[in-house]
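1. I would like to see how this sequence folds:
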Amino acid sequence: MAWEMEKGARTVVNKCAGVRTGEQVLIVSEESKRSIAECLAKVAAEAGGEPAIVTMVPRERDGQEPPAMIAAAMGQADVFLCVVGKSITHTRAVKEAVAGGARGLVLTQFSEEMMDHGGIEADFPAIAPICKALAKKLENAKVVHLTTPHGTDLTYSAEGRRGNALYGVVEKGQFSTIPTIEANVSPLEGTANGTIVADASVPYIGIGVLEEPVMCQVRDGRIISMEGGRQAQMLKADLDSKNDPNVYNVAEMGVGMNPKCRFCGFMLEDEGVRGSVHIGIGTSITLGGVVKAACHYDLIMTGATVVADGVELLRDGEILEGNL
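-> Next up is the predicted model:
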């Protein structure tokens, strides 16, 4: 499988991270992801970079900070690539490394297969302009209204909040997840109200593609109830076990924009599906919010319509590029 993975590794290293001669490239990984980390290191060296792989004990939960020495190394690198099973995207380590000028890419839950085909095959630079345009429409929106035919009906304010365009290509002081391509915004704390119905996926803690919807009631920025079948109960039990009320914070609304992604139960494939919408709950500090929680999970839905300050951005799961 190694040679098949090299195509995806070249996309990550050359097109997305833009590794240049002499740059320090830190690859943060886990033992189970070693084959992917080694493939990335090989391609980074071929590009003239100086790669180093650090292998950490897998985090106990998504959103848990990496060890302090690894966080420090991320801040010293020109480029950091996180190839992990448990997400470290929504951590202070990533936020501070980027603030210091590093550029980073996050490859959470990647498999060898995902390095060969699927979302990784997208033309990331070509999609960047429309992703930036959608993020700009979400930025500072006073009223955003999200609905779906499955029952979602949520309103919130993003006034004063930046729009985030994650399109897989990073410059100095930027990070992006990959292969998801998404435009997102972090709702102003306390402003989200209504109903969330995830019908597609909750790609965490072994839930993945949904058998039946997960229904959540939201009041003043937090989920106050969660109902559904077996998978909804798994999610609620996990969140309750964190003993942290911030895990129910409505932290993000993101719009997937990668035409090559498909629902398969892996986080960065599922949330990138073009026209899907996800509501992130928990930590928001890496997205422009102020909440640090014990985790950050995404609840993904299809068929969404999104209206920001009276402008329709999505209709029934179709991105309205003419309105951007």
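2. does Ile36 sit in a helix, a strand or a coil?
-> Under DSSP: H, G, I helix; E, B strand; the rest coil, Ile36 falls in the helix class.
3. for it, which residues are in contact?
-> By CB atoms under 8 Å, 6 or more residues apart in numbering, the contact set of Ile36 is 5, 9, 29, 83, 107, 110, 112, 115. Quick note: C-beta positions are derived from backbone N, CA and C, even for glycine.
4. can you check Thr147 too?
-> 153-154, 304-305.
5. change it to 6 Å
-> If you count contacts by CB atoms under 6 Å, 6 or more residues apart in numbering, Thr147 has them with 153, 305.
6. can you offset everything so residue one is 34?
-> Sure, I'll start numbering at 34, so the last one becomes Thr180.
7. report the beta-bridge partners for it.
-> Beta bridges link Thr180 to Asp186, Thr338, judged by DSSP bridges.
8. so how far is Gly152 from it?
-> 26 Å (CB to CB, to the nearest Å).
9. same question, Ala341
-> Distance, Ala341 to Gly152, using CB to CB: 25 Å.
10. higher neighbour count, the two?
-> For Ala341 and Gly152, the more surrounded residue by other CB atoms under 10 Å is Gly152, and the numbers stand at 27 against 24.
11. for the closest residue to the more buried one other than its chain neighbours, grab the count of nearby residues.
-> With CB to CB, 6 or more residues apart in numbering as the criterion, Gly152 has its nearest non-adjacent residue at 2.9 Å, and that residue is Pro212. Residues within reach of Pro212, counting by other CB under 10 Å, total 26.
12. excluding covalently adjacent residues, which one is nearest to Phe208?
-> Nearest one to Phe208, counting by CB to CB, 6+ apart, is Gly137 at 4.0 Å.
13. the one helix or strand the one you found maps to pairs with which strands?
-> Element membership for Gly137 (DSSP states H and E) is strand 136-141. Partner strands for strand 136-141, per DSSP bridges, with pairing direction: strand 112-117 (parallel), strand 208-210 (parallel).
14. before we move on, back to that, taking the contacts of Ile69, please make a PyMOL selection of just the buried ones.
-> The buried residues among those can be selected in PyMOL (16 or more other CB atoms under 10 Å) with this line:
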select buried, resi 38+42+62+116+140+143+148
